[in-house]
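Q: need a 3D model of the following:
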Amino acid sequence: MSGSKGIILVRDSNGDIAGIYCLKGFSFALGGNAYDSIGGFAELKDAMIVDLMAQRGILREIMEEAHIAEVSITVLHDLGSIYPDRGMTPNHPRIWAAEVTADIAIGGHKNTDPWEMDSQVFFIPYDQLWGKAGFIAKNDDAFFLSIIARLMATGILRQPAI
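A: Numbers count the residues shown, from 1 in each chain. Predicted coordinates for the structure are as follows:
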């Protein structure tokens, strides 16, 4: 298994998507900061590698990377698998979006996973996702873009009328 990556969706009191949480942090490979999605590989404390898409594994990643102690997933959108670069590697990671019940501050929480690079979680309001200057157009993370494409293809996310 090649791991899993996802994003956190937040709904407002009307049930509409209010925005998403994403990460930004230092990337050793790039030598600078880059956007990132939440998730990664299985850890030794996981029972088996096949549990990468189990809610407990995703909850662990959300708690570590979004730095929240108590969270529960209300809806887990399993968005399948992607080939990030089928010509160079056999990686076939899973992607997901989790709707959660938790109060996460608008930004600035550091990733608490000691095995990962320094990163911080931040909130992007729904109306700031779209258009040429929107967050989707600025984010080069292939996992994030694949997640957004699958959420749009399934009708979970819809671009507002311009």
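
Q: by mean pLDDT, point me to the weakest helix or strand of the chain.
A: Every helix and strand of the chain was ranked by mean pLDDT, DSSP states H and E. The lowest is strand 107-110, at a mean of 52.

Q: list the buried ones in the next helix-or-strand element following that one?
A: Per DSSP states H and E, strand 107-110 leads on to strand 119-125 as the next helix or strand towards the C-terminus. Buried positions in strand 119-125, judged by neighbour count with 16 or more other Cβ atoms under 10 Å: Ser119, Gln120, Val121, Phe122, Phe123, Ile124. All C-beta atoms are positioned from the backbone trio N, CA, C, and that covers glycine.

Q: mind checking how far the third one is from Ser13?
A: What it means is Val121. The span separating Val121 from Ser13 equals 22 Å under the rule Cβ to Cβ, to the nearest Å.

Q: show me the beta-bridge partners of Gly25.
A: Here Gly25 shows beta-bridge partners Ala34, Ser119, assigned using DSSP bridges.

Q: pretty sure it is touching Ser119, no?
A: Yes: under the criterion of Cβ atoms under 8 Å, Gly25 makes contact with Ser119 at 2.5 Å.

Q: which residue ranges of this protein form strands?
A: Counting by DSSP state E, the chain forms strands over residues 4-11, 17-27, 32-36, 38-40, 72-81, 94-101, 107-110, 119-125, given from the N-terminal end onward.

Q: out of those strands, which is closest to Ala133?
A: Of all the strands of the chain, it is strand 119-125 that lies closest to Ala133, at 12.5 Å by Cβ to Cβ.

Q: which strands and helices lie in contact with the closest one?
A: Where contact means 3 or more Cβ pairs under 8 Å, 6 or more residues apart in numbering; DSSP states H and E, strand 119-125 is packed against strand 17-27, strand 107-110.

Q: what residues sit buried inside the longest one?
A: Pointing back at strand 17-27 there. For strand 17-27, a neighbour-count test (16+ other Cβ under 10 Å) marks Ile17, Gly19, Ile20, Tyr21, Cys22, Leu23, Lys24, Gly25 as buried.

Q: tell me the contacts of the residue nearest the centre of the chain?
A: Nearest to the geometric centre of the chain sits Ile7, at 2.3 Å (Cα atoms, centre = their mean). Taking Cβ atoms under 8 Å, 6 or more residues apart in numbering, we find Ile7 in contact with Ile20, Tyr21, Cys22, Ser37, Ile38, Ala97, Ala98, Phe144, Ile147.
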